[in-house]
Structure formats: structure tokens, C-alpha cells
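Colleague: What follows is a predicted structure for the sequence shown.
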Amino acid sequence: MQTFETEITIESSRDAVWEALSDIGAISTWNPGVKASHVTTDVSGGVGAGRHCDLGGKNYLDEKVVEWHPGERLTMRVIGTNLPLKHADIRFHLRTDGTQTIVSVSPEYELKFAVLGTMMDAVFVRRSYVKGMNALLAGLKQHVESAS
């Protein structure tokens with residue numbers, strides 16, 4: 001398994017950040033890497049809730065919530081994709097710093113293709129993944145701060 005962590009400070013309350021983050025079907029409104037998204041389950045929040053993310057072109061992610069602690073933590077698990085992911089959990093953690101909220105994201109992932117996947121990760125996948133997570137956090141920040 002591979003992992004990394006990146007974070008951003010948002011000039012807003014933890015409740016406001018959680019409200020945006022926990023609206024799992026609306027991720028496309030603030031994540032520039034997601035072109036369209038929608039809930040795929042009868043429930044739209046909490047453990048077991050699912051979503052579909054259209055990443056553009058033919059690329060997609062199907063995810064479900066595997067950890068849900070309101071205002072604190074949320075973990076999404078990739079359960080279907082055409083990307084070279086064998087396994088991926090994306091963990092979000094929120095903490096308060098005065099009137100600001102610090103949001104960290106730490107994906108834990110494994111690529112398909114064994115040794116070739118490890119080489120792909122070292123050459124370009126990790127760099128691309130980090131860039132995508134930083135863009136996701138920047139989009140969340142802009143979305144939440146512009147609503148305040």
C-alpha cells in the first residue's frame with residue numbers, strides 16, 4: 001500500500017466544511033477533477049452511502065463511505081473504477097484551529113499490475129495523485145469560503 005497526506009486551511013467553521021464534504025453526491029460542484037457526480041444508494045450520507053464520479057473522458061470512480069464521524073472524519077473507498085487502482089481508501093480529517101478548519105486528505109492505495117504498478121506509481125501516478133488531491137482541497141476551500 002502507498003499513502004501520502006496533504007492539507008489545507010479553510011477560513012470557515014468545521015461545521016461549514018463538513019456540510020460540503022459530507023454532501024457526497026455534490027463533489028463535482030467543488031472538485032475540479034470530477035466532471036459530474038451523483039449518489040448511487042438510497043441513503044446520501046453515513047456508512048454505506050455511495051456515489052458515482054465521472055472524471056471526464058471514459059474515466060470514473062464508484063465509491064462508498066466506510067467511515068463517517070460527523071465533523072471529524074470521512075473515508076471513501078473506491079469500489080469500482082477503470083483506473084489502475086487495485087484498492088483505494090481516501091481519508092478526510094477535519095480539525096479546528098481558532099476560527100479556521102484544517103482539512104487533511106490521505107489516500108491509501110495500491111495499483112494493479114504488481115511490480116509494473118509499483119514502477120508506474122514511482123514514475124507518474126503518485127505525482128498525479130498528489131496534484132489531484134491538492135486541487136480537490138483547493139476546490140473545497142474556494143467552495144466553502146465563497147459560501148461564507
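Modeller: Alright, I've got the coordinates.
Colleague: Would you state the strands of this protein in chain order?
Modeller: Counting by DSSP state E, the chain has strands at residues 2-3, 6-10, 36-39, 50-56, 59-69, 73-81, 85-97, 100-111.
Colleague: The first one pairs with which strands, parallel or anti?
Modeller: Based on DSSP bridges, the strands next to strand 2-3 in the sheet, each with its direction, are strand 100-111 (antiparallel).
Colleague: Next, the buried residues of the strand it pairs with.
Modeller: Buried positions in strand 100-111, judged by neighbour count with 16 or more other CB atoms under 10 Å: 101, 103-107, 109-111. In short, each C-beta sits where N, CA and C put it, glycine included.
Colleague: go on, stretch 36-43?
Modeller: In stretch 36-43, counting by 16+ other CB under 10 Å, buried: 37, 39-40.
Colleague: in this structure, which helix has the most residues?
Modeller: helix 126-147 (DSSP state H).
Colleague: Can you list the neighbours in contact with that helix?
Modeller: In this structure, residues lying in contact with helix 126-147 by CB atoms under 8 Å, 6 or more residues apart in numbering are 2, 4, 6-12, 16-17, 20-21, 29-33, 103, 105, 107, 109.
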